[in-house]
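*Asks:* Generate coordinates for the sequence data below:
(2 chains)
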Amino acid sequence: MNVYSKLALFAGGALFGSAGIKLLSSKDAKNVYTHTTAAVLRMKECVMDTVSTVQENAADILASAKDINEQRAAKEEAAACGEEETAAEEEETQEQA
Amino acid sequence: MKFSIKHESRGRIRVQLAQRRMTLDQADLVETWLQGLDTVDQAAVHERTCCAIIYYKEGGRAAVLKALRGFSYQSEEAAKLVVPHTSRATNREYQEKLVGMVCGKAVRDMFFPAPLRMAWTLCRSLPYLGRAVRCLWRRQLHVELLDGLSVGISMARGDFGTAGSVMFLLGLGELLEEWTHKKSVEDLARSMSLNIDRVWVKTEDGEVQLPLSKVRPGDRIAVHMGGMIPLDSVIDEGEVMVNQASLTGESIPVARRPGSTVYAGTVVEEGECVLRVEKQCGGSRYDKIVSMIEQSEKLKSSAEDQASHLADKLVPYTLAGSAIAYLLTRNVTRALSVLMVDFSCALKLSMPLAVLSAMREASIHHATVKGGKFLEAIAKADTIVFDKTGTLTYACPVVAQVVTFGGREESEMLRLAACLEEHFPHSMANAVVRAAQQRGLTHEEMHSQVQYLVAHGIASTVKDEKVIIGSYHFVFEDEQSTIPAGEQAKFDALPPEYSHLYLAVGGGHLHFGPAAQ
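*Replies:* As a prediction, the model looks like this:
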């Protein structure tokens, strides 16, 4: 590092120590911090709401899927029953004949 | 209330209530109200999305929707509803922490530049390394050593990613442990606080037994001897001795007179009273039970103690396994992965949960267990000692026989005894008074101030003669009464299967014996 960069570093540190800290803890800066924190909290709420919505939709999908399967199973049972009945009727008519 | 149906399937419906925001209390209220409807099987309310998920019985859809349309927060029905304590706030808190941890990890891994990530990992690893060093310092082999070693060795190899992942998983495990533990304690407290479900409410028609949830502030509840005071209230009538051990730890009962406050959870040891309810069921009792459970966790059973150290006993074997893996494969990654095996979470959590579950099971059967230590003690016991009438028996003794000495008349003695005994709520006293009433013996107040001596008896003065009633110990040994001459044989012939109550007048002795079943 040459002299100028070392000098620059020193000046920068001195400036920070004197004026910089004052700026960072002034009322305006505090305002900025407050607004930033509020924005962060709003973001957090947004994220939690999204998570909640995703959970609910997943539960809905699960319920619908179970429903579909149940209906299918019921249909197949009904179809199988129907077939058995027609088969039994045919046998009876055959025996009678 | 306005709502829109978001999703429907057989037996399940999700509706969104038309409000921008829902407070936790409102969500609890709606959930309780929904669960109280006849056609509803189950209901859950999510306050973030203002949605209610309702599982209804067959054919109940129309009824549920109709009821929902008619609901409002300001309605009388809603105001009268008693909402039990739910764990909604706890769940919300931990959900936020969980999501926060996961999101934080994702953001750091994706957006932070490498040097910043390194710095963050270093900072986070300091507690783990510190605990590991402390373990070594005390020459102990604990699970913290394993954690510290895996984190430390990863970082030494420059593999900050692995170290970060290990710490993330450890932190996640700790969070879930805490959440589960808290939920279990709350579940247990909830089930215990519902335990006295019925109380005697004094109305114009007499005493009516009502479920606790229907009691309102201003109602008058009658509590008899041995009963537990269900709610914070003020004594309206009657003087009682209250055992406040469950609240303050005092083993000696304190006297309470009309106008003084008594607290939920305390037991009426002697006397009967009528209480005026101040606060409704819910809050006060619940918080006390939670603190009681948390204290009881310190009464750990020895099995729990052993289990929490069990994980530590496995540490040497894990270290040995890691060393063997390295020797066999010459691959540090493989050796490190053996170090990650961590039994401690499971063991540290499972034992307290087992005890809490046992306590909950016992409370469902109306027995209160205060800690794991006591469960173990009962398991080892082969004799149980009970105390006092009323625990094993119905506290209703009946006078069987009046045996007099010294030529006194039976009815006179019974009259005298009833006169004294009517001031006391003890079950033996009640038996004497009842017997006198049955025989039609009335009396005027002919005695002076009656003194009550705990566990002994009562003493008073009647027409200048000292009268005492009580146990054998009290009458003969303490007060030195004697049996009139020549009647010792009669005394010895007294049947032993009855409880004996002794009455002595003016230094002589008479006796009569009620029977206690």
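
*Asks:* Show residues contacting the helix or strand of chain A with the lowest mean pLDDT.
*Replies:* One helix or strand of chain A scores below all others by mean pLDDT, DSSP states H and E: helix A:21-24, with a mean of 88. Contact with helix A:21-24 is made by A:Ala29, as judged by C-beta atoms under 8 Å, 6 or more residues apart in numbering or on different chains. For the C-beta atoms, the positions are set from N, CA and C on the backbone; glycine is no exception.

*Asks:* cutoff 10 Å now
*Replies:* With C-beta atoms under 10 Å, 6 or more residues apart in numbering or on different chains as the test, helix A:21-24 has contacts from A:Phe16, A:Ala29, A:Lys30, A:Val32, A:Tyr33.

*Asks:* and after that helix, which helix or strand comes next?
*Replies:* Downstream of helix A:21-24, the next assigned helix or strand under DSSP states H and E is helix A:27-96.

*Asks:* which other helices and strands contact that following helix?
*Replies:* helix A:21-24, strand B:3-9, strand B:12-17, strand B:40-46, strand B:51-56, helix B:88-111 (3 or more C-beta pairs under 10 Å, 6 or more residues apart in numbering or on different chains; DSSP states H and E).

*Asks:* Let me have those in a markdown table, adding mean neighbour count and distance to B:Thr32 as columns.
*Replies:* Formatted as a markdown table, the helices and strands packed on helix A:27-96 follow (neighbours: other C-beta atoms under 10 Å in any protein chain shown; distance: least, C-beta to C-beta, whole Å):
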| stretch | mean neighbour count | distance to B:Thr32 |
| --- | --- | --- |
| helix A:21-24 | 10 | 50 |
| strand B:3-9 | 15 | 17 |
| strand B:12-17 | 20 | 15 |
| strand B:40-46 | 17 | 9 |
| strand B:51-56 | 21 | 12 |
| helix B:88-111 | 14 | 11 |
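
*Asks:* Out of those, which gets nearest to B:Leu501?
*Replies:* Closest to B:Leu501 of these, according to C-beta to C-beta: helix B:88-111, at 54.9 Å.

*Asks:* What's the separation between the most centrally placed residue in chain A and B:His7?
*Replies:* Centroid check for chain A by C-alpha atoms, centre = their mean gives A:Val51 as the closest residue, at 3.7 Å. Noted for A:Val51: a distance of 18 Å to B:His7, by C-beta to C-beta, to the nearest Å.

*Asks:* In chain B, where's the longest helix?
*Replies:* When chain B is parsed with DSSP state H, its longest helix is helix B:160-193.

*Asks:* what angle separates it from helix B:88-111?
*Replies:* If you take axes from the mean of the first three to the mean of the last three C-alpha atoms, to 10 degrees, helix B:160-193 sits at 170 degrees to helix B:88-111.

*Asks:* mind listing what residue 44 touches?
*Replies:* No chain in the question, so chain A it is. Counting by C-beta under 10 Å, 6+ apart, A:Lys44 makes contact with B:Glu96, B:Val99, B:Gly100, B:Cys103.

*Asks:* my bad, chain B
*Replies:* A:Glu56, A:Ala59, B:Arg14, B:Ala27, B:Glu31, B:Leu34, B:Gln35, B:Cys51, B:Ala52, B:Ile53, B:Ile54, B:Tyr55.
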